[in-house]
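*Asks:* dropping a prediction and its sequence here:
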Amino acid sequence: MSQSPDTSKNPRKMPDELHQQLAYLKLPFMQEHCEELATEAAERQWSHADFLRRLVEGEAACHQDRARLRRIQQARFPVLKTFERFDFTWPTKINRLQIQNLFRLKFIEDKANAIIVGGVGLGKSHLAIALGYAAATAGFRVRFTTAIDIINTLSAAHHAGHFVQELKKYTRPDLLAVDELGYLPIDKQGADLLFQVISQRYECGSIVLTTNKAFKHWPSIFNNDATLTSAILDRILHHAETVVIEGKSYRMKDRIQP
């Protein structure tokens, strides 16, 4: 006497129409795993609600992963850096607890700023990227750039007639990471453009800024315009945490004689 197939262990294959509809709705996890989870549901005797919950949880996790990767890509990091890979043993002066506190990311929620001051090769860019990466992973919109790139991009946009649209790329993100302020002198037009970004973000969005110059030397960055420098410092330092790093360049450590 022939036996009927055990449908509890071998449920019927999902119809092609269902796969097509899941693809149309852009539900890749459900499309890929619905048969697998249906088999598991039959074996473990899940309720319909449990089966649906597993599908939805998987799809939600997939959506979150895609969104996280999209935020990281949109941030335009030159490379990826993390807090865990920062060498705190190299600088002669660094406040690790202060930096760990920044990685709680509360300053972004408070729309405050973080200014990282130190010489060349001490990991300022590493920390700025790592903060941006942590923020993007946590769900914040992030943009990483350099001070000179902001100026060049906005200057070109101004001449091309789409300045407002380009400016929004620097004012809309929850966190704007501005690297290498002070490495190159900035003329009056450049200083005015940078001021517009800082002014529009004031108390509206956070900035992480790295610089190789102490605040008292900032006038030399901005063409010795004391008034404009004062206006920039006033806005960027009002709600800010300043991190000071001292020591020799990490990139030169292998050439430094003991």
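*Replies:* Happy to help now that I have it. Numbers count the residues shown, from 1 in each chain.
*Asks:* angles on the backbone of Leu181, please.
*Replies:* Leu181 adopts backbone torsions of phi -70, psi 130, taken as degrees, to the nearest 10.
*Asks:* enumerate every residue touching it.
*Replies:* Listed by CB atoms under 8 Å, 6 or more residues apart in numbering, the contact set of Leu181 reads 147, 209-211, 213, 221. All C-beta atoms are positioned from the backbone trio N, CA, C, and that covers glycine.
*Asks:* could you pull out the helices for the stretch 1-150 of the chain?
*Replies:* Counting by DSSP state H, counting those that start in this stretch, the stretch 1-150 of the chain has helices at residues 16-24, 28-44, 48-75, 96-102, 106-109, 124-138, 147-160.
*Asks:* okay if I get these as a markdown table plus mean pLDDT and distance to Lys81?
*Replies:* Formatted as a markdown table, the helices of the stretch 1-150 of the chain follow (pLDDT from 0 to 100; distance: least, CB to CB, whole Å):
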| stretch | mean pLDDT | distance to Lys81 |
| --- | --- | --- |
| helix 16-24 | 87 | 37 |
| helix 28-44 | 89 | 30 |
| helix 48-75 | 91 | 12 |
| helix 96-102 | 98 | 13 |
| helix 106-109 | 98 | 18 |
| helix 124-138 | 98 | 4 |
| helix 147-160 | 97 | 18 |
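*Asks:* hmm, which two among the contacts of Leu181 are most spread apart?
*Replies:* Greatest spatial distance in the contacts of Leu181: Thr210 and Ile221, 12.8 Å, computed using CB to CB.
*Asks:* neighbour count for the two, which is higher?
*Replies:* Between Thr210 and Ile221, counting by other CB atoms under 10 Å, Thr210 is the more crowded of the two (28 against 23).
*Asks:* look at the nearest residue to that one once chain neighbours are set aside and say how many residues are nearby.
*Replies:* In space, Thr210 comes closest to Lys124 once its chain neighbours are excluded; the distance is 3.9 Å by CB to CB, 6 or more residues apart in numbering. Lys124: 23 surrounding residues under other CB under 10 Å.
*Asks:* surely Lys124 meets Ile116?
*Replies:* Yes. Counting by CB atoms under 8 Å, Ile116 is a contact partner of Lys124 at 4.6 Å.
*Asks:* anything in contact with each of those two?
*Replies:* Contact criterion CB under 8 Å, 6+ apart; residues shared by Lys124 and Ile116: 210-211, 245.
*Asks:* can you redo the residues you listed as CSV with distance to Trp90 and secondary structure?
*Replies:* Converted to CSV, these look like this (distance: CB to CB, whole Å; DSSP: H, G, I helix; E, B strand; the rest coil):
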residue, distance to Trp90, secondary structure
Thr210, 16, strand
Thr211, 19, strand
Ile245, 10, strand
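*Asks:* and among the helices of the stretch 1-150 of the chain, the most buried is which?
*Replies:* Among the helices of the stretch 1-150 of the chain, ranked by average contacts under mean count of other CB atoms under 10 Å, first place goes to helix 124-138 (a mean of 22).
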